[in-house]
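> Task: produce atomic coordinates for the following.
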Amino acid sequence: MEKEIIELEQIFKILGNKQRLTILELLRERSYTVSEIITLLNMEQSAVSHQLKILREAELVKTQRHGREIVYCLSDSHILILLDNALKHVTHVFNHNN
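The predicted model follows:
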């Protein structure tokens, strides 16, 4: 179980970044190229590439080649379940405290 806890810790560290969470939420809709992500999020190319590299290394996103373009998408639905549950928790806590 120790190994799983360490891996969970790493995933939560990765998810503890606003830019990465924003990219994951964007990829919830559909696949995007780096250029599209840059435009939609109004971020620098280097920042987007850096965050995508971290997400790719954690196997949260994957790439597909479409001609000369690289398209990013979520690796699987597990990350969506995790994000959905975290959002439900935040909404629940926020609504209870108001």
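> Can you list the low-confidence ranges for the chain?
Low-confidence segments of the chain, defined by pLDDT under 70, are located at 97-98.
> do that again at 90, thanks
Judged against pLDDT under 90, the low-scoring parts of the chain cover residues 1, 66, 77, 90, 92-98.
> Give me the distance from the longest helix along it to the chain's centre.
In the chain, assigned by DSSP state H, the helix with the most residues is helix 78-96. Distance of helix 78-96 from its chain centroid, counting by C-alpha atoms, centre = their mean, to the nearest Å, is 15 Å.
> elements contacting it?
Helix 78-96 is packed against helix 2-15, helix 18-29, with contacts defined by 3 or more C-beta pairs under 8 Å, 6 or more residues apart in numbering; DSSP states H and E. Any C-beta I mention is one placed from the backbone N, CA and C, and that applies to glycine too.
> So which residues make contact with the first one?
Applying C-beta atoms under 8 Å, 6 or more residues apart in numbering, the set of residues contacting helix 2-15 from outside is Arg20, Leu21, Leu24, Ile54, Leu55, Ala58, Leu60, Leu82, Leu83, Ala86.
> So what angle separates the directions of it and helix 78-96?
Between the direction of helix 2-15 and that of helix 78-96, the angle (axes from the mean of the first three to the mean of the last three C-alpha atoms, to 10 degrees) works out to 70 degrees.
> what residue lies at the spatial centre of the protein?
In the chain, the C-alpha closest to the average C-alpha coordinate belongs to Leu24, at a distance of 2.8 Å (C-alpha atoms, centre = their mean).
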